[in-house]
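>>> this is a predicted model, with the sequence first.
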Amino acid sequence: MLRRSVPLFLVVLVLVALVVAACGGGGGAAPQPQGDANAGGQAWAMSCASCHGANAEGSIGPKLAGTPLPFDTVKNTVRNGRGAGMPKFSADQVSDADIANIYAWLKSK
């Protein structure tokens, strides 16, 4: 039986890719911000609850409690709105820190 060996450079390449992936490198998703869930709950009550419900259970807007959405998607939706239902909010209206806190609160639900 003929046996072919895997070239060493290919083995090294695969090992390097595994190490980079394990360390969080390699162009994957951006790190999630470290928001304050308690502050996020307060910001939510003032900014979002009227459409998404007091506990993010959904109302006029969709349920967001425990959202699987990445932070960047949530931030982009807050900044740019979505269709006729979700208005856009400037950084003067809802700061980046508020969005990070709200996101932490949503993830804690």
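Cool, the structure landed. From a predicted model like this one, the values you see are computed outputs, not experimental measurements.
>>> so what touches stretch 41-48?
Outside of stretch 41-48, the residues within contact range by Cβ atoms under 8 Å, 6 or more residues apart in numbering are 52, 54, 56, 61, 64, 89, 93-94, 98, 101-102, 105-106. Yep, even glycine has a C-beta here, placed from its N, CA and C like the rest.
>>> of those residues, grab the buried ones for PyMOL.
Those of these that count as buried under 16 or more other Cβ atoms under 10 Å are selected in PyMOL with:
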select buried, resi 52+56+61+64+89+94+98+101+102+105+106
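>>> among the contacts of stretch 41-48, which are in helices?
52, 98, 101-102, 105-106 (DSSP state H).
>>> out of those residues, which is nearest to Gly35?
Within the ones in helices among the contacts of stretch 41-48, the smallest distance to Gly35 is 4.2 Å, found for Asn101 (Cβ to Cβ).
>>> so who does the closest one touch?
Asn101 neighbours (Cβ under 8 Å, 6+ apart): 35-37, 39-40, 43.
>>> can you rerun that using 7 Å?
35-36, 39-40, 43 (Cβ atoms under 7 Å, 6 or more residues apart in numbering).
>>> and Lys107, by the same measure?
66-67.
>>> distance check, it against Cys48.
14 Å (Cβ to Cβ, to the nearest Å).
>>> so how far is Gln34 from Leu52?
I think there's a mix-up here, since residue 52 is His and not Leu. From His52 over to Gln34 the distance is 23 Å, taken as Cβ to Cβ.
>>> report how many residues lie close to Pro62.
By the criterion of other Cβ atoms under 10 Å, Pro62 has 15 neighbours.
>>> much appreciated, bye for now.
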